[in-house]
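A.B. asks: have a look at this fold, sequence not included:
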(Lines give C-alpha, C1' and ligand atoms only; values in the text may rest on other atoms or scores of the structure.)
Protein backbone atom coordinates (compact mmCIF):
# COMPACT_ATOMS: atom_id res chain seq x y z
CA UNK A 1 0.00 0.00 0.00
CA UNK A 2 1.47 3.32 -1.03
CA UNK A 3 1.22 6.47 1.08
CA UNK A 4 -1.04 9.28 0.01
CA UNK A 5 -1.27 12.94 0.96
CA UNK A 6 -4.04 15.42 0.19
CA UNK A 7 -3.03 18.45 -1.85
CA UNK A 8 -3.75 20.59 1.21
CA UNK A 9 -1.12 18.67 3.16
CA UNK A 10 -3.36 16.48 5.31
CA UNK A 11 -3.01 12.71 5.40
CA UNK A 12 -6.15 10.65 4.82
CA UNK A 13 -7.15 7.93 7.23
CA UNK A 14 -7.02 4.44 5.79
CA UNK A 15 -9.38 3.10 8.44
CA UNK A 16 -12.18 1.27 6.67
CA UNK A 17 -11.39 2.55 3.18
CA UNK A 18 -10.05 -0.69 1.80
CA UNK A 19 -12.91 -2.61 3.40
CA UNK A 20 -15.46 -0.29 1.74
CA UNK A 21 -13.69 -0.68 -1.59
CA UNK A 22 -13.60 -4.46 -1.24
CA UNK A 23 -17.30 -4.54 -0.41
CA UNK A 24 -18.26 -2.53 -3.51
CA UNK A 25 -15.97 -4.69 -5.65
CA UNK A 26 -17.70 -7.79 -4.29
CA UNK A 27 -21.18 -6.41 -5.03
CA UNK A 28 -20.09 -5.58 -8.58
CA UNK A 29 -18.57 -9.03 -9.02
CA UNK A 30 -15.02 -7.83 -9.66
CA UNK A 31 -12.42 -10.60 -9.81
CA UNK A 32 -9.03 -10.34 -8.12
CA UNK A 33 -6.60 -8.49 -10.37
CA UNK A 34 -9.41 -6.73 -12.23
CA UNK A 35 -9.54 -3.11 -10.94
CA UNK A 36 -12.80 -1.29 -10.34
CA UNK A 37 -12.87 1.34 -13.09
CA UNK A 38 -14.41 4.70 -12.15
CA UNK A 39 -14.52 7.45 -14.78
CA UNK A 40 -15.66 11.04 -14.40
CA UNK A 41 -17.13 12.49 -17.61
CA UNK A 42 -16.79 16.27 -17.62
CA UNK A 43 -14.29 18.36 -15.70
CA UNK A 44 -16.19 21.31 -14.31
CA UNK A 45 -15.69 22.33 -10.69
CA UNK A 46 -17.94 19.71 -9.07
CA UNK A 47 -17.01 16.92 -11.50
CA UNK A 48 -13.30 17.54 -10.91
CA UNK A 49 -13.68 17.75 -7.13
CA UNK A 50 -15.74 14.55 -7.08
CA UNK A 51 -13.00 12.68 -8.95
CA UNK A 52 -10.33 14.21 -6.70
CA UNK A 53 -12.20 13.13 -3.55
CA UNK A 54 -12.24 9.55 -4.81
CA UNK A 55 -8.60 9.74 -5.83
CA UNK A 56 -7.57 11.10 -2.43
CA UNK A 57 -9.43 8.32 -0.64
CA UNK A 58 -9.01 5.28 -2.85
CA UNK A 59 -6.18 6.12 -5.26
CA UNK A 60 -3.69 4.42 -2.93
CA UNK A 61 -5.23 1.00 -3.73
CA UNK A 62 -3.95 0.94 -7.28
CA UNK A 63 -4.37 -2.77 -7.84
CA UNK A 64 -8.04 -2.58 -6.83
CA UNK A 65 -9.36 0.65 -8.32
CA UNK A 66 -8.59 2.95 -11.25
CA UNK A 67 -9.95 6.52 -11.15
CA UNK A 68 -9.83 8.69 -14.26
CA UNK A 69 -11.53 11.80 -15.61
CA UNK A 70 -12.38 12.73 -19.19
CA UNK A 71 -12.45 16.21 -20.60
CA UNK A 72 -12.34 17.54 -24.13
CA UNK A 73 -8.85 18.42 -25.43
CA UNK A 74 -7.77 21.71 -26.94
CA UNK A 75 -9.17 24.27 -24.49
CA UNK A 76 -6.42 26.89 -24.19
CA UNK A 77 -5.73 28.73 -20.93
CA UNK A 78 -5.65 32.46 -21.58
CA UNK A 79 -2.75 34.65 -20.47
CA UNK A 80 -4.60 36.28 -17.56
CA UNK A 81 -5.60 32.90 -16.14
CA UNK A 82 -2.06 31.57 -16.58
CA UNK A 83 -0.72 34.54 -14.61
CA UNK A 84 -3.24 34.01 -11.83
CA UNK A 85 -2.49 30.29 -11.76
CA UNK A 86 1.20 31.06 -11.31
CA UNK A 87 0.36 33.24 -8.31
CA UNK A 88 -1.75 30.44 -6.80
CA UNK A 89 1.07 27.94 -7.24
CA UNK A 90 3.62 30.17 -5.56
CA UNK A 91 1.29 30.94 -2.66
CA UNK A 92 1.03 27.26 -1.77
CA UNK A 93 4.31 25.67 -0.72
CA UNK A 94 2.89 22.15 -0.86
CA UNK A 95 1.67 22.66 -4.45
CA UNK A 96 4.92 24.33 -5.49
CA UNK A 97 6.99 21.47 -4.09
CA UNK A 98 4.76 18.91 -5.75
CA UNK A 99 5.14 20.51 -9.18
CA UNK A 100 8.92 20.83 -8.81
CA UNK A 101 9.12 17.20 -7.74
CA UNK A 102 7.08 16.18 -10.81
CA UNK A 103 9.24 18.40 -13.07
CA UNK A 104 6.08 20.30 -14.02
CA UNK A 105 6.83 23.77 -12.62
CA UNK A 106 8.75 25.20 -15.58
CA UNK A 107 5.78 25.14 -17.95
CA UNK A 108 3.84 27.41 -15.57
CA UNK A 109 6.75 29.84 -15.50
CA UNK A 110 6.82 29.88 -19.31
CA UNK A 111 3.04 30.38 -19.48
CA UNK A 112 3.31 33.25 -17.00
CA UNK A 113 5.84 34.93 -19.30
CA UNK A 114 3.71 34.29 -22.38
CA UNK A 115 6.22 31.88 -23.89
CA UNK A 116 3.92 28.87 -23.76
CA UNK A 117 0.22 28.06 -24.06
CA UNK A 118 -1.26 25.79 -21.43
CA UNK A 119 -4.32 23.63 -22.02
CA UNK A 120 -7.14 22.75 -19.63
CA UNK A 121 -6.56 18.98 -19.84
CA UNK A 122 -2.84 19.53 -19.29
CA UNK A 123 -3.25 21.52 -16.08
CA UNK A 124 -5.97 19.20 -14.80
CA UNK A 125 -3.37 16.42 -14.68
CA UNK A 126 -1.51 18.61 -12.18
CA UNK A 127 -4.68 19.22 -10.16
CA UNK A 128 -5.93 22.54 -11.56
CA UNK A 129 -9.53 22.81 -12.71
CA UNK A 130 -9.99 25.68 -15.16
CA UNK A 131 -13.27 26.69 -13.45
CA UNK A 132 -11.72 26.65 -9.98
CA UNK A 133 -8.11 27.81 -10.26
CA UNK A 134 -7.91 29.03 -6.66
CA UNK A 135 -8.45 25.54 -5.24
CA UNK A 136 -5.66 23.14 -6.28
CA UNK A 137 -6.69 19.48 -6.31
CA UNK A 138 -4.63 16.32 -6.21
CA UNK A 139 -3.07 15.20 -9.53
CA UNK A 140 -5.60 13.36 -11.69
CA UNK A 141 -5.40 10.77 -14.43
CA UNK A 142 -6.89 12.68 -17.39
CA UNK A 143 -8.12 11.05 -20.60
CA UNK A 144 -9.10 13.13 -23.64
CA UNK A 145 -10.34 10.23 -25.79
CA UNK A 146 -13.93 9.50 -24.79
CA UNK A 147 -13.95 5.93 -26.08
CA UNK A 148 -10.79 5.09 -24.17
CA UNK A 149 -12.25 6.62 -21.02
CA UNK A 150 -15.62 4.88 -20.88
CA UNK A 151 -15.64 1.67 -22.88
CA UNK A 152 -14.82 -0.60 -19.92
CA UNK A 153 -15.90 1.68 -17.04
CA UNK A 154 -17.80 0.08 -14.16
CA UNK A 155 -18.98 3.42 -12.73
CA UNK A 156 -19.40 6.59 -14.80
CA UNK A 157 -19.85 9.91 -12.99
CA UNK A 158 -21.65 12.49 -15.11
CA UNK A 159 -20.08 15.86 -14.33
CA UNK A 160 -21.32 17.53 -17.51
CA UNK A 161 -23.71 20.47 -17.62
CA UNK A 162 -27.25 19.27 -18.28
CA UNK A 163 -27.14 21.05 -21.65
CA UNK A 164 -24.25 18.84 -22.81
CA UNK A 165 -25.33 15.53 -21.27
CA UNK A 166 -27.38 14.24 -24.22
CA UNK A 167 -24.72 14.82 -26.87
CA UNK A 168 -21.92 13.15 -24.92
CA UNK A 169 -23.93 10.15 -23.73
CA UNK A 170 -25.28 9.52 -27.22
CA UNK A 171 -21.66 9.23 -28.29
CA UNK A 172 -20.86 7.02 -25.29
CA UNK A 173 -23.67 4.66 -26.26
CA UNK A 174 -21.80 3.84 -29.47
CA UNK A 175 -18.90 2.47 -27.43
CA UNK A 176 -21.14 0.33 -25.21
CA UNK A 177 -22.91 -1.68 -27.91
CA UNK A 178 -20.70 -4.73 -27.37
CA UNK A 179 -20.67 -4.55 -23.55
CA UNK A 180 -21.56 -7.67 -21.60
CA UNK A 181 -21.98 -5.86 -18.27
CA UNK A 182 -24.19 -2.88 -17.43
CA UNK A 183 -22.35 0.11 -15.94
CA UNK A 184 -23.59 2.26 -13.08
CA UNK A 185 -24.02 5.96 -13.78
CA UNK A 186 -24.03 8.65 -11.09
CA UNK A 187 -25.24 11.98 -12.43
CA UNK A 188 -24.19 15.25 -10.78
CA UNK A 189 -25.96 17.37 -13.43
CA UNK A 190 -28.60 19.90 -12.37
CA UNK A 191 -31.05 21.13 -14.97
CA UNK A 192 -33.85 20.00 -17.26
CA UNK A 193 -34.93 20.08 -20.87
CA UNK A 194 -38.50 20.91 -21.88
CA UNK A 195 -40.31 19.16 -24.73
CA UNK A 196 -43.78 20.06 -25.98
CA UNK A 197 -44.55 17.09 -28.22
CA UNK A 198 -46.48 14.84 -28.13
CA UNK A 199 -47.48 16.42 -24.79
CA UNK A 200 -45.58 18.92 -22.63
CA UNK A 201 -43.00 17.11 -20.51
CA UNK A 202 -39.57 17.52 -18.97
CA UNK A 203 -36.43 15.49 -19.42
CA UNK A 204 -34.11 15.26 -16.44
CA UNK A 205 -30.42 14.37 -16.85
CA UNK A 206 -30.99 10.79 -15.61
CA UNK A 207 -33.83 10.35 -18.11
CA UNK A 208 -31.68 11.82 -20.88
CA UNK A 209 -28.85 9.43 -20.03
CA UNK A 210 -31.22 6.45 -19.95
CA UNK A 211 -32.73 7.27 -23.33
CA UNK A 212 -29.36 8.01 -24.90
CA UNK A 213 -27.67 4.81 -23.72
CA UNK A 214 -30.42 2.28 -23.09
CA UNK A 215 -29.07 1.74 -19.57
CA UNK A 216 -31.94 0.73 -17.24
CA UNK A 217 -33.03 3.48 -14.85
CA UNK A 218 -32.17 1.33 -11.82
CA UNK A 219 -28.51 1.74 -12.80
CA UNK A 220 -28.72 5.53 -13.09
CA UNK A 221 -28.58 7.63 -9.93
CA UNK A 222 -28.50 11.30 -9.01
CA UNK A 223 -26.24 12.79 -6.35
CA UNK A 224 -26.88 16.28 -5.01
CA UNK A 225 -26.76 18.24 -1.81
CA UNK A 226 -25.88 21.48 -0.06
CA UNK A 227 -22.33 21.88 -1.23
CA UNK A 228 -19.88 24.25 -2.86
CA UNK A 229 -17.19 22.28 -4.71
CA UNK A 230 -14.16 24.22 -3.49
CA UNK A 231 -15.34 24.15 0.12
CA UNK A 232 -15.89 20.40 0.04
CA UNK A 233 -12.39 19.81 -1.26
CA UNK A 234 -11.04 22.05 1.49
CA UNK A 235 -12.70 19.67 3.98
CA UNK A 236 -15.61 21.88 5.01
CA UNK A 237 -18.25 19.59 6.49
CA UNK A 238 -20.94 18.76 3.92
CA UNK A 239 -23.62 16.23 3.17
CA UNK A 240 -25.37 14.92 0.10
CA UNK A 241 -27.98 12.43 -1.01
CA UNK A 242 -27.64 9.77 -3.66
CA UNK A 243 -31.06 9.01 -5.11
CA UNK A 244 -32.29 6.10 -7.14
CA UNK A 245 -32.92 2.37 -6.89
CA UNK A 246 -32.14 0.76 -3.55
CA UNK A 247 -29.98 -1.90 -5.21
CA UNK A 248 -27.21 0.62 -5.88
CA UNK A 249 -27.89 3.73 -3.82
CA UNK A 250 -27.18 2.10 -0.46
CA UNK A 251 -23.80 0.52 -1.31
CA UNK A 252 -22.74 3.64 -3.22
CA UNK A 253 -23.70 5.92 -0.32
CA UNK A 254 -21.47 3.85 1.93
CA UNK A 255 -18.61 3.87 -0.58
CA UNK A 256 -18.77 7.65 -1.15
CA UNK A 257 -19.14 8.64 2.49
CA UNK A 258 -16.16 10.37 4.08
CA UNK A 259 -15.65 11.97 7.52
CA UNK A 260 -16.28 15.46 6.12
CA UNK A 261 -18.67 14.44 3.32
CA UNK A 262 -21.65 12.48 4.59
CA UNK A 263 -23.73 10.78 1.89
CA UNK A 264 -27.24 9.57 2.65
CA UNK A 265 -29.51 7.65 0.28
CA UNK A 266 -33.06 8.42 -0.84
CA UNK A 267 -35.57 6.84 -3.20
CA UNK A 268 -37.14 10.09 -4.53
CA UNK A 269 -35.07 10.61 -7.64
CA UNK A 270 -37.62 12.91 -9.33
CA UNK A 271 -37.97 15.56 -6.60
CA UNK A 272 -34.25 15.77 -5.90
CA UNK A 273 -33.31 16.05 -9.55
CA UNK A 274 -36.00 18.62 -10.34
CA UNK A 275 -35.09 20.63 -7.24
CA UNK A 276 -31.47 20.49 -8.41
CA UNK A 277 -32.55 22.34 -11.54
CA UNK A 278 -34.98 24.71 -9.81
CA UNK A 279 -32.50 25.91 -7.21
CA UNK A 280 -30.21 27.16 -9.98
CA UNK A 281 -33.11 29.09 -11.49
CA UNK A 282 -33.93 30.88 -8.27
CA UNK A 283 -30.28 31.34 -7.27
CA UNK A 284 -29.88 33.78 -10.16
CA UNK A 285 -32.73 35.85 -8.77
CA UNK A 286 -31.24 35.65 -5.28
CA UNK A 287 -28.00 37.09 -6.61
CA UNK A 288 -29.90 39.94 -8.24
CA UNK A 289 -31.78 40.76 -5.03
CA UNK A 290 -28.55 40.68 -3.01
CA UNK A 291 -26.79 43.08 -5.39
CA UNK A 292 -29.72 45.46 -5.83
CA UNK A 293 -30.44 45.77 -2.09
CA UNK A 294 -26.80 45.81 -0.97
CA UNK A 295 -27.18 42.45 0.78
CA UNK A 296 -30.34 43.40 2.67
CA UNK A 297 -31.18 40.47 4.93
CA UNK A 298 -34.85 41.45 4.96
CA UNK A 299 -35.14 41.59 1.17
CA UNK A 300 -33.31 38.29 0.78
CA UNK A 301 -35.60 36.60 3.30
CA UNK A 302 -38.70 37.86 1.44
CA UNK A 303 -37.27 36.50 -1.79
CA UNK A 304 -36.45 33.17 -0.10
CA UNK A 305 -40.05 32.79 1.11
CA UNK A 306 -41.52 33.40 -2.35
CA UNK A 307 -39.03 31.38 -4.37
CA UNK A 308 -39.28 28.30 -2.13
CA UNK A 309 -43.09 28.41 -2.37
CA UNK A 310 -42.79 28.43 -6.17
CA UNK A 311 -40.39 25.48 -6.01
CA UNK A 312 -42.84 23.51 -3.86
CA UNK A 313 -45.69 24.42 -6.21
CA UNK A 314 -43.75 23.18 -9.26
CA UNK A 315 -42.64 19.90 -7.67
CA UNK A 316 -46.27 19.06 -6.85
CA UNK A 317 -46.97 19.15 -10.58
CA UNK A 318 -44.14 16.71 -11.21
CA UNK A 319 -44.43 14.23 -8.36
CA UNK A 320 -47.46 12.65 -6.70
CA UNK A 321 -45.87 12.73 -3.26
CA UNK A 322 -42.74 14.90 -3.53
CA UNK A 323 -40.12 14.92 -0.82
CA UNK A 324 -40.74 17.91 1.43
CA UNK A 325 -38.53 20.95 0.98
CA UNK A 326 -36.80 20.36 4.31
CA UNK A 327 -33.53 18.97 5.64
CA UNK A 328 -30.89 18.45 2.93
CA UNK A 329 -33.23 19.58 0.13
CA UNK A 330 -33.86 22.90 1.85
CA UNK A 331 -30.19 23.23 2.78
CA UNK A 332 -29.18 22.60 -0.83
CA UNK A 333 -31.50 25.40 -1.93
CA UNK A 334 -30.22 27.71 0.80
CA UNK A 335 -26.52 27.30 0.01
CA UNK A 336 -27.11 27.68 -3.73
CA UNK A 337 -29.03 30.91 -3.20
CA UNK A 338 -26.35 32.08 -0.80
CA UNK A 339 -23.26 31.23 -2.83
CA UNK A 340 -22.37 29.59 -6.11
CA UNK A 341 -21.96 30.40 -9.76
CA UNK A 342 -25.67 31.01 -10.43
CA UNK A 343 -26.03 33.47 -7.54
CA UNK A 344 -22.77 35.13 -8.64
CA UNK A 345 -24.14 35.41 -12.18
CA UNK A 346 -27.28 37.12 -10.88
CA UNK A 347 -25.15 39.60 -8.97
CA UNK A 348 -23.04 40.40 -12.02
CA UNK A 349 -26.14 40.87 -14.19
CA UNK A 350 -27.69 43.22 -11.63
CA UNK A 351 -24.47 45.24 -11.32
CA UNK A 352 -24.14 45.54 -15.09
CA UNK A 353 -20.80 43.72 -15.13
CA UNK A 354 -22.32 40.98 -17.30
CA UNK A 355 -25.16 41.09 -19.82
CA UNK A 356 -27.47 38.39 -21.15
CA UNK A 357 -25.94 38.93 -24.62
CA UNK A 358 -22.64 37.50 -23.32
CA UNK A 359 -24.20 34.04 -23.10
CA UNK A 360 -24.32 31.57 -20.23
CA UNK A 361 -20.81 30.11 -20.50
CA UNK A 362 -18.56 32.39 -18.46
CA UNK A 363 -14.77 32.27 -18.32
CA UNK A 364 -13.55 30.97 -14.99
CA UNK A 365 -17.04 29.86 -13.97
CA UNK A 366 -18.16 27.48 -16.68
CA UNK A 367 -21.79 26.95 -17.67
CA UNK A 368 -24.41 28.92 -15.74
CA UNK A 369 -27.01 26.17 -15.82
CA UNK A 370 -29.76 28.24 -14.25
CA UNK A 371 -30.19 30.31 -17.43
CA UNK A 372 -31.29 27.44 -19.68
CA UNK A 373 -33.39 26.05 -16.81
CA UNK A 374 -35.32 29.35 -16.59
CA UNK A 375 -36.28 28.98 -20.24
CA UNK A 376 -37.14 25.31 -19.92
CA UNK A 377 -39.37 25.64 -16.85
CA UNK A 378 -41.11 28.76 -18.20
CA UNK A 379 -41.81 27.17 -21.58
CA UNK A 380 -43.15 24.03 -19.98
CA UNK A 381 -45.34 25.70 -17.36
CA UNK A 382 -46.82 28.13 -19.90
CA UNK A 383 -48.77 25.40 -21.67
CA UNK A 384 -52.54 25.72 -21.45
CA UNK A 385 -52.91 21.94 -21.36
CA UNK A 386 -51.47 22.10 -17.83
CA UNK A 387 -53.94 24.73 -16.60
CA UNK A 388 -54.69 24.88 -12.88
CA UNK A 389 -57.39 26.82 -10.98
CA UNK A 390 -56.49 30.40 -10.06
CA UNK A 391 -57.08 30.83 -6.30
CA UNK A 392 -58.90 34.18 -6.59
CA UNK A 393 -60.11 34.62 -10.14
CA UNK A 394 -61.68 31.14 -10.15
CA UNK A 395 -60.61 30.42 -13.68
CA UNK A 396 -58.02 28.06 -15.19
CA UNK A 397 -54.58 29.55 -15.81
CA UNK A 398 -51.21 28.18 -16.92
CA UNK A 399 -49.09 27.19 -13.89
CA UNK A 400 -46.51 29.86 -14.68
CA UNK A 401 -49.12 32.52 -13.92
CA UNK A 402 -48.86 31.50 -10.27
CA UNK A 403 -45.05 31.79 -10.34
CA UNK A 404 -44.27 35.54 -10.55
CA UNK A 405 -40.55 35.17 -9.84
CA UNK A 406 -40.09 32.60 -12.61
CA UNK A 407 -42.02 34.86 -15.02
CA UNK A 408 -39.86 37.83 -14.11
CA UNK A 409 -36.59 35.92 -14.47
CA UNK A 410 -37.71 34.77 -17.92
CA UNK A 411 -38.34 38.36 -19.00
CA UNK A 412 -34.96 39.48 -17.65
CA UNK A 413 -32.75 36.62 -18.80
CA UNK A 414 -34.43 35.13 -21.88
CA UNK A 415 -36.40 37.82 -23.70
CA UNK A 416 -34.69 40.89 -22.26
CA UNK A 417 -38.08 42.62 -21.86
CA UNK A 418 -37.25 43.79 -18.35
CA UNK A 419 -34.20 45.01 -16.43
CA UNK A 420 -32.86 43.25 -13.32
CA UNK A 421 -34.68 45.83 -11.14
CA UNK A 422 -37.90 44.07 -12.11
CA UNK A 423 -37.10 41.29 -9.65
CA UNK A 424 -37.57 43.76 -6.79
CA UNK A 425 -40.77 45.10 -8.30
CA UNK A 426 -42.11 41.54 -8.42
CA UNK A 427 -41.43 41.12 -4.70
CA UNK A 428 -43.00 44.48 -3.83
CA UNK A 429 -46.19 43.94 -5.84
CA UNK A 430 -49.08 44.78 -3.49
CA UNK A 431 -51.18 42.10 -5.17
CA UNK A 432 -48.65 39.36 -4.45
CA UNK A 433 -50.23 36.53 -2.48
CA UNK A 434 -48.88 35.15 0.76
CA UNK A 435 -46.40 32.42 -0.31
CA UNK A 436 -48.19 30.04 2.05
CA UNK A 437 -51.29 30.26 -0.17
CA UNK A 438 -49.33 28.93 -3.13
CA UNK A 439 -48.14 25.99 -1.06
CA UNK A 440 -51.67 25.27 0.19
CA UNK A 441 -52.97 25.29 -3.38
CA UNK A 442 -50.37 22.75 -4.40
CA UNK A 443 -51.02 20.52 -1.40
CA UNK A 444 -54.81 20.69 -1.42
CA UNK A 445 -55.57 20.16 -5.08
CA UNK A 446 -54.83 17.21 -7.33
CA UNK A 447 -52.00 18.89 -9.25
CA UNK A 448 -49.85 15.92 -10.15
CA UNK A 449 -49.35 15.56 -13.91
CA UNK A 450 -47.67 12.21 -14.70
CA UNK A 451 -47.38 13.28 -18.35
CA UNK A 452 -44.86 15.96 -17.34
CA UNK A 453 -42.32 13.18 -16.74
CA UNK A 454 -43.25 11.39 -19.94
CA UNK A 455 -45.46 8.93 -18.05
CA UNK A 456 -48.94 7.84 -19.18
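C.D. replies: Arrived safely, thanks for sending. Keep in mind the model is a prediction, meaning the values are calculated, not measured.
A.B. asks: surely residue 288 meets residue 345?
C.D. replies: No. In this structure, residue 288 is not within contact of residue 345 by CB atoms under 8 Å, at 9.3 Å. For glycine as for every other residue, the C-beta is placed from the backbone atoms N, C-alpha and C.
A.B. asks: these two: which is more packed in?
C.D. replies: Legend: neighbour count by other CB atoms under 10 Å for residue 288 and residue 345, higher for residue 288 (28 against 24).
A.B. asks: what about residue 355, distance to residue 121?
C.D. replies: Between residue 355 and residue 121 the computed distance is 30 Å (CB to CB, to the nearest Å).
A.B. asks: swap that for residue 309, please
C.D. replies: 43 Å.
A.B. asks: pLDDT below threshold where in the stretch 301-450 of the chain?
C.D. replies: 430-431, 442, 444-450 (pLDDT under 70).
A.B. asks: how does it look with 50?
C.D. replies: Nowhere does the stretch 301-450 of the chain drop to pLDDT under 50.
A.B. asks: would you map the helices across it?
C.D. replies: Secondary structure of the stretch 301-450 of the chain (DSSP state H, counting those that start in this stretch): helices at 327-338, 341-351, 369-381, 404-413, 422-427, 435-444.
A.B. asks: what's in contact with the fourth one?
C.D. replies: Read that as helix 404-413. Residues from elsewhere that reach helix 404-413, judged by CB atoms under 8 Å, 6 or more residues apart in numbering: 281-282, 284-285, 288, 303, 306-307, 310, 349, 356, 371, 374-375, 377-378, 381, 400-401, 417-420, 422-423, 425-427, 429, 432.
A.B. asks: which of the residues you listed are buried?
C.D. replies: Buried subset of the contacts of helix 404-413 (neighbour count, 16 or more other CB atoms under 10 Å): 281-282, 284-285, 288, 303, 306-307, 310, 349, 371, 374-375, 377-378, 381, 400, 418, 420, 422-423, 426-427.
A.B. asks: can you check which helix is longest in this structure?
C.D. replies: helix 269-292 (DSSP state H).
A.B. asks: measure residue 424 to residue 72 for me?
C.D. replies: According to CB to CB, residue 424 and residue 72 sit 40 Å apart.
A.B. asks: kindly report the same for residue 97.
C.D. replies: 30 Å.
A.B. asks: now residue 156: how far from residue 41?
C.D. replies: From residue 156 across to residue 41, the span is 6 Å (CB to CB).
A.B. asks: give me the common contacts of the two.
C.D. replies: In contact with both residue 156 and residue 41: 150, 172, using CB under 8 Å, 6+ apart.
A.B. asks: wait, isn't residue 370 in contact with residue 337?
C.D. replies: No. The pair residue 370 and residue 337 does not pass the contact test of CB under 8 Å, sitting 10.8 Å apart.
A.B. asks: neighbour count winner among the two?
C.D. replies: residue 370 (29 against 26).
A.B. asks: contact partners for that one?
C.D. replies: Applying CB under 8 Å, 6+ apart, we find residue 370 in contact with 280, 281, 282, 283, 284, 342, 345.
A.B. asks: the more surrounded of residue 424 and residue 72?
C.D. replies: A direct count of neighbours by other CB under 10 Å for residue 424 and residue 72 places residue 424 higher, at 18 against 13.
A.B. asks: surely the more buried one and residue 293 touch.
C.D. replies: Yes. Contact criterion CB under 8 Å: residue 424 and residue 293 qualify, at 7.2 Å.
A.B. asks: any residues in contact with both of the two?
C.D. replies: residue 299.
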